[in-house]
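Student: Model the structure of this input:
(chains A, B and C)
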Amino acid sequence: MRLRRYFIHRLLQVLPVALIIIVINFLLIHLAPGDVSILLAGEDADPAYMAAVRERYGLDKSFFDQLIAYLGQILQGDLGISYRTREPVFDVLMERVPATLLLAGTSLVIAAVLGTWIGTAIARRPGSLADTVVATFSISLFSIPVFWLGLMLILFFAVQLRWLPSSGMISIGGPRDGFARIMDIVWHMILPVAALSTVWLGQYIRLARTSVAEVLSESYVTTARSIGFSEPYVLFHHGLRNALLPIVTVLGLELGLLLTGAVLTETVFSWPGLGRLIYEAILARDTPIIMGAFIVMSFTVMLASLATDIAYAALDPRVSL
Amino acid sequence: MLYKKSVLAAFLLTWPLSALAQTTLIVPQLDEARTLSPDPAADTGGYAPTSNIYSHLVVMDWGVVAGTPAYGDLAKTWDISPDGKVYTFHLRPNVKWHDGKPLTSADVKFTYDRMIEKKYPYAAFLRNVATIETPDDQTVVITLKSVDMSFVPMMAQAAGWTGKIYPQHLWKDQPGFDTGPYVNAPVGSGPFKFVRWDRGSSIELAANPDYFLGKPSIDRLIFRPIPDTNVARAEFDAEQYPHLPYDYAPPLAEVAALQADPSIQVTFTPSHYSRDIQLNTQREPFSNLKVREAIAAAIDRDAMSRLGFAGLWKPAIHANVDTQKQWINTDVRFPAFDKKRAEALLDEAGYPRGANGMRFAAKVTGPSYSDCKAINEVLVQQLRDVGIDAKLEQFDQSTWFRRMQEKNFDISCYFTRYGPDPDAYREHFGTGGQRNFMGYSNPQFDELGARAVTLTNEADRAKLYKEMQVMLIRDLPYINLFNEQKTSLARAKWTGFPLQESGYDKSVTWFGYFAVKPPGK
Amino acid sequence: MLAPRRLLTLLLQNPTSAASLFLVLFALAIAILAPFLGLPDPGQMAAKPYLPPGGEHWLGTDNFGRDVLSRVIWGTRVALLVAVGSAALSILVGVIAGSLAGYYGGWLDSVLSRTFDVFLLIPTFFLVLLIVALFGSSLTLVMIAIALTAWPRSARIMRSQVLSLKSRVYVQAALASGASSSQTIVKHIVPNGIGPIITDGTILMGLAILTEAGLSFLGLGDQNSVSWGRMIFEGQRQLRLAPWISIAPGVAMLILVASLNLLGDGINHALNPQMRSRGGAPRRRPTAAPPADESPRPVSPIIEVDNLRLTYSVGTRRIHAVDGVSFTLPRGASLGIVGESGCGKSSLGSALLQTIPNNADFTGGTVRFDGQSILRDGKPVSERGRLRIQALRWSRISTIFQSSMNALNPVTTIRKQMVAAYRLHRPKAGDAEATARVAEVFDLIGIPRHRMNAYPHQLSGGMRQRTMIALSLILEPDLVIADEPTTALDMLIQDQILAEIDKLRRRLNLTLILVSHDMGAVAETCEMVAVMYAGRIVEMAPTAVIFGNPSHPYTRALIDALPSLRGPMKTLATLPGEAFQPTETIVGCRFAPRCRHATDLCRTEAPPSVALSSGHTAECHYARAFAAEPLREHA
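Tutor: Here you go, the predicted model:
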């Protein structure tokens, strides 16, 4: 009940953001050089299709009517038609979502768990040499251009050593189902996941270190120590438990940055996800796909921030709902 | 269904042994098919599967580069009336559709009539047709409105894309070739039968045992959309398929290493296209012949080939390509590389070097082919060397094409066609020609072109085309640079791939896999 | 805001920051000097293609025979141009928008703040990508697109800076003297608030470089400029043949971006030095073995403290917070320790429990608990690898913290916290037994049992403080150290709680040390009072004696400051000067600078501890004189 009211409240706050994202999109198409109908239908579209697109977006109506029509369509989940495949953009995007989720999710879990663990461990010794070294290291990690790291991994592990596949998600003509297929995918995932999680790792180390160190200076940690709890207990039950909240919040906020990394990584490794789709769409100037991807990404980030807020509310009894 | 799957699985597990009776060929292709009905609209992803399912009246494959502009597919032979207007095609006997029904001249007429009626793309190649008659089941007589020597070659080339013959008995009740149950479950008369289509993953065909040229050596033919060059290359390296089509060509600098590998065949296939640059003759300063001459003299094709193509592309110095042997005028050639002369010409033309060392600005654009990109990179440098302030201006393919049509460009990389019939010159350089983006207009040239296409004697035709080449090299609306060349890879001992010589005149279209033979067959 | 020179000094002191500053400046230098370095033209295709690094071409040549080193160096130009351009642009817009929002407030602020929030939720890279894909790619456009998505970052920072600066004296003064709003913003607010924006700016620059590279890598970069991202994009195809084409620009980018980020980090730490050392686990300290002659005496005082010293290190300064404190407390006694904040009373409390912060050290002293040494010559006593204090914590010595300071973990219920504490020391006890015990202490304190399932924030201040007391009693300790247990509660509740503590002490025969700045609170609860000043107990006596015969001028001042026997102490208005921080070597009496009665003797010679009556000592040269002069009765 409490959560539901909070959810609705937050949803109402987020809706204007959704609206603004759509309006930005709309304005960009109309401000861009070139005919809107060509942007949306593609250069080589036949006149009948072009007419259909004009009709669909109401391109002969007034600017304001067009905006309303556009808003209506997007809110119904209609993101237009890809002019490369002539399929609805929404379907094309959704088809690619699982692969991206698999790659980004796995990398996120690895980076978050490992990074939080290292960050927590290092938070015990703020200002020490180890702290300085880890801080420098983690900053260096997220300064690596992820696509370049991917290339270097391919160069070393796929081209030189020939240990791992360099691209794709499955072997052509590989096992079609069962455990063998899962292993095949895992095999292909190793390099992209390594690239992506390495770059993210730095963020998490830094975040966990700051948050845990902050919590460790709280009074209840002193209480716990006075009670006689062992240091690891204090660190994980009090330090980490309380630090998780800011960590989760920042996570939600930085999802956009994470998705950027995912897109570039997918491009390098030809991973058949959203990122790769965006890359292909750029090559083919499939504007509806690029716009649709922007909207879907924005909405994802928005919903993620909403979800983290809700999670925060559920985790932290102090949040007044 | 289950049976098929298990056969396939069993095959996949034991494939490297290749001792099994079943032979599967997996072919990667860049695009996924939109539909499996090829005639109504262009569909790059659909050409390969449908070319192996359907047959054509006449056809052309990579044999064109060895001098075969067209050969018969359903037509065993054809005669041309002395006045050059009436074409009589004699169909092969006993040709059957995949459903067992006989294929007759009525099917051909039905297909062509509908194409014309519906204005399908192939209609463009039938525009000169006056009547189509079917005196008997084995004969098609096509009468042209006027003599056109390019009729059969052009029909043969376009057949590979949108000129398949459809079965009348299945389609006559459909309003068009884009509706009905057979759009994505095609019934053809070609070497392979349609089996199934897993959208996004594969199109599977099986050998047609009753094919009129005999059962193909490949039992199962699978097309997979692999939009990614890296993936295709990695899979080829991992021996997932024995053939890497030219769309996925490796960087040419790697060829030396590949050629050293005894398990790989590297095939270079010339084509009837060139790589060249078009100059916008309607725009200053490219309207000035001296400037165009200077640009021609500023280009060092050898350096370009070395830098852009690891020295593997052959410079084209005539207004034609090497594969069109009988049509080339080898007496005239484009200006040779001479930097000093180029500079002198530019000075003469009234464009001395300015304070920054540059004479005038030029935007260099081109289609998004990797070879054109390489040419442009080098071209910009070579032009800058003579004081032309050249800058790259790359667009996506369709934007580029629109700008070309609008004549909104300075210099563009281009791919001029010279075959399968030399009438192609008119399309590229004739006044108002469809692909004459340069704005070149020469009444004399137009007159020669119009006459040449009506001459039935090849030697007489060649004379006129050679004269036209002299004009082109004199006026320089374009500068020829290279013979286009495709690079494809195949595993050792496989033969008959369309780009291999062993596949010439046997492949049935550019995309045909009928002639492919695995090692030991 | 630090002066630039001081900031530079601080940066150079830190090797990481110094190195990154050097690298950024180096990149800047080669970017500016690129045309004069005698390098081959980055576009020139003169050399053989695919030359590996070495010889004439240090980093090799690319597929067109262009010198990779030259291209990397010219690429530095593009990278820095994009970085500086987009950062400057976004800071400019951000500073303007942020200043306006923060300065004018009202609807303008709410509109602008909403806008910043919206932008936070937009995945910026995809917006930049969309802009560049729609409008075409040129360096200028890329910079504008990046700035367009990044300005709210700067704006948010600027807004909060303005909000905190607006009330500052000099801003108000400027406004009062008739300066216009815009003048005030430009002259006073922007220069003072821009520090954190510059810090963020370096990070923004790194981000801009990565964004441009990402775009170039997707094929959306400027075609006629040599950017690192484009080099990697083009090198990708040549990876098998000539990996150096893509390695070099990547390494260059990594170094520059990491340097920028590390520099930002360094500036941030220089501006907020406390950030780096906050928190942390207690560090290990040298320990001492128990004294050989230790033998439990049948009746010993519960706690004996002898010459205890505790020193904090803050930067290069050393503060002697506890500077030779000695006292002894019999079982069942109650001692109040009072003094101004900063006198060391809380440090004394944590020193007894050995929960001192990492920047504090025992510099001497001995503490015995129930006859056993737990601190010996400034070293915690350890026995068989385990600190003795560890065994005593909570089961024998517990504390009551000030509950308003988050002394209870906010994210778990009170029951869970108390059960965990109980089971820690009674490992055999089950959950049920522990919960029963929690209920027992709740009854004891008079908290309804069902409240144990509440979270700390769900309780009122008084209830929370009672819970803290219940927690301290759960293991029936001998000694309870209560550190300001009633601060921040209202008067009525304070009284109730103090009465509660007193009642429990008597009932459970606890020994109590009550640390407080409130003379009144101590007077009501404790039998003995110790007055602390600058790290030392300057007077100690039974409560009645302290109030009747205060024999130290500081004690007298404290009592004078009481409006009545109750109530929080106000500032010592009667005392000139500030509370004394015992940092340097002290000559004479440490109270002398603030003492109305100080003589030359006081200023030159440390006062002795004067024993006045049973249990009454005072550290004052004139203690006897004061003792003879009773204070007039209060209240």
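
Student: Could you use CA atoms for every contact and neighbour count after this?
Tutor: Fine.

Student: Could you identify the helix or strand that succeeds the longest helix belonging to chain C?
Tutor: If you go by DSSP state H, chain C has its longest helix at helix C:68-104. Scanning forward in sequence from helix C:68-104 by DSSP states H and E, the next helix or strand is helix C:106-121.

Student: By proximity to chain B, which residue of chain C wins?
Tutor: Closest residue of chain C to chain B, Cα to the nearest Cα: C:Phe64 (4.9 Å).

Student: Which residues are in contact with that residue?
Tutor: For C:Phe64, the residues meeting the contact criterion (Cα atoms under 8 Å, 6 or more residues apart in numbering or on different chains) are B:Leu307, B:Gly308, B:Val378, C:Met45, C:Lys48, C:Pro49, C:Tyr50.

Student: how far does stretch C:413-432 stretch from start to finish?
Tutor: 16 Å (Cα to Cα, to the nearest Å).

Student: Domain-wise, how is chain C divided?
Tutor: With domains defined by automatic domain parsing, chain C comprises C:10-274, C:303-330+C:345-391, C:397-525.

Student: Before we move on, what's the pLDDT of the closest residue to B:Tyr351 other than its chain neighbours?
Tutor: Ranked by Cα to Cα, 6 or more residues apart in numbering or on different chains and with sequence neighbours excluded, the top spatial neighbour of B:Tyr351 is B:Arg359, at 5.4 Å. Confidence at B:Arg359, expressed as pLDDT, is 95.

Student: Can you tell me how far B:Arg359 is from chain A?
Tutor: From B:Arg359 across to chain A, the span is 30 Å (Cα to the nearest Cα, to the nearest Å).

Student: residue contacts, that residue?
Tutor: B:Arg359 is in contact with B:Tyr351, B:Pro352, B:Arg353, B:Gly387, B:Ile388, B:Asp389, counting by Cα under 8 Å, 6+ apart.

Student: List phi and psi for it.
Tutor: phi -100, psi -60 (degrees, to the nearest 10).

Student: again, but for C:Leu612
Tutor: phi -100, psi -50.

Student: Hmm, C:Phe626 and it touching each other?
Tutor: No - between C:Leu612 and C:Phe626 there is no contact under Cα atoms under 8 Å: 10.5 Å.

Student: So which of those two has more stuff around it?
Tutor: Taking neighbours as other Cα atoms under 10 Å in any protein chain shown, C:Leu612 and C:Phe626 compare with C:Phe626 leading, 18 against 14.

Student: helices or strands up against the helix or strand the more buried one falls within?
Tutor: C:Phe626 belongs to helix C:623-627 when assigned by DSSP H and E. If you count contacts as 3 or more Cα pairs under 8 Å, 6 or more residues apart in numbering or on different chains; DSSP states H and E, helix C:623-627 packs onto strand C:609-613.

Student: Can you list the strands that the strand it packs on pairs with?
Tutor: strand C:616-619 (antiparallel) (DSSP bridges).

Student: Just the CA atoms of the partner strand, as CSV, please.
Tutor: C-alpha atoms of strand C:616-619 as CSV (Å, rounded to 0.1, in the frame of the first residue of the first chain):
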residue,chain,number,x,y,z
HIS,C,616,38.4,16.3,46.7
THR,C,617,41.3,17.4,44.7
ALA,C,618,41.9,20.5,42.5
GLU,C,619,44.7,21.5,40.2
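
Student: Now stretch B:295-312: average pLDDT?
Tutor: 94.

Student: quick one: the residue nearest to B:Tyr351 from B:Pro352, how far?
Tutor: Taking Cα to Cα as the measure, B:Arg359 falls 6 Å from B:Pro352.

Student: contacts for whatever helix or strand B:Ala156 lives in?
Tutor: Per DSSP H and E: B:Ala156 is located in helix B:151-162. Helix B:151-162 is touched from outside by B:38-42, B:47, B:51, B:56-61, B:69-71, B:121-122, B:125-126, B:163, B:420-421, B:509-511, with contacts defined as Cα under 8 Å, 6+ apart.

Student: Over to stretch C:425-437?
Tutor: So stretch C:425-437 is contacted by C:Ser395, C:Arg415, C:Val419, C:Tyr422, C:Arg423, C:Ile474 (Cα under 8 Å, 6+ apart).

Student: 10 Å instead?
Tutor: Residues from elsewhere that reach stretch C:425-437 (Cα atoms under 10 Å, 6 or more residues apart in numbering or on different chains): A:227-229, C:391-395, C:415-416, C:418-423, C:438-440, C:442-443, C:449, C:452, C:474-475.

Student: what separates it from the chain centre, distance-wise?
Tutor: Offset of stretch C:425-437 from its chain centre (Cα atoms, centre = their mean, to the nearest Å): 36 Å.

Student: And stretch C:51-64, by the same measure?
Tutor: The answer for stretch C:51-64 is 52 Å, by Cα atoms, centre = their mean.

Student: Roughly how far does B:Asp410 sit from chain C?
Tutor: 16 Å.

Student: Around B:Phe445, count how many other residues there are.
Tutor: Here the count is done by other Cα under 10 Å, and B:Phe445 has 22 residues near it.

Student: Is it in contact with B:Thr431, as I believe?
Tutor: Yes - at 8.7 Å, B:Phe445 and B:Thr431 qualify as touching, with contact defined as Cα atoms under 10 Å.

Student: Model confidence for residue 129, exactly?
Tutor: In the absence of a named chain, this looks at chain A. The model reports A:Leu129 with a pLDDT of 84.

Student: Let me rephrase: I mean chain C.
Tutor: Listed pLDDT for C:Leu129 reads 85.

Student: Let me know whether it touches C:Met143 as I believe.
Tutor: No - in this structure, C:Leu129 is not within contact of C:Met143 by Cα under 10 Å, at 11.9 Å.

Student: Show me which residues of the stretch 1-150 of chain C are close to chain A?
Tutor: C:16-17, C:114-115, C:117-136 (Cα under 10 Å from any Cα of the partner chain).

Student: One more pass at 6 Å, please.
Tutor: C:Val118, C:Leu121, C:Ile122, C:Pro123, C:Phe126, C:Leu134, C:Phe135 (Cα under 6 Å from any Cα of the partner chain).

Student: now the closest residue to the last one other than its chain neighbours: how far from B:Asp410?
Tutor: To tie it back to what came earlier, the one meant is C:Phe135. Ranked by Cα to Cα, 6+ apart and with sequence neighbours excluded, the top spatial neighbour of C:Phe135 is A:Ala32, at 5.5 Å. Going from A:Ala32 to B:Asp410 by Cα to Cα gives 23 Å.
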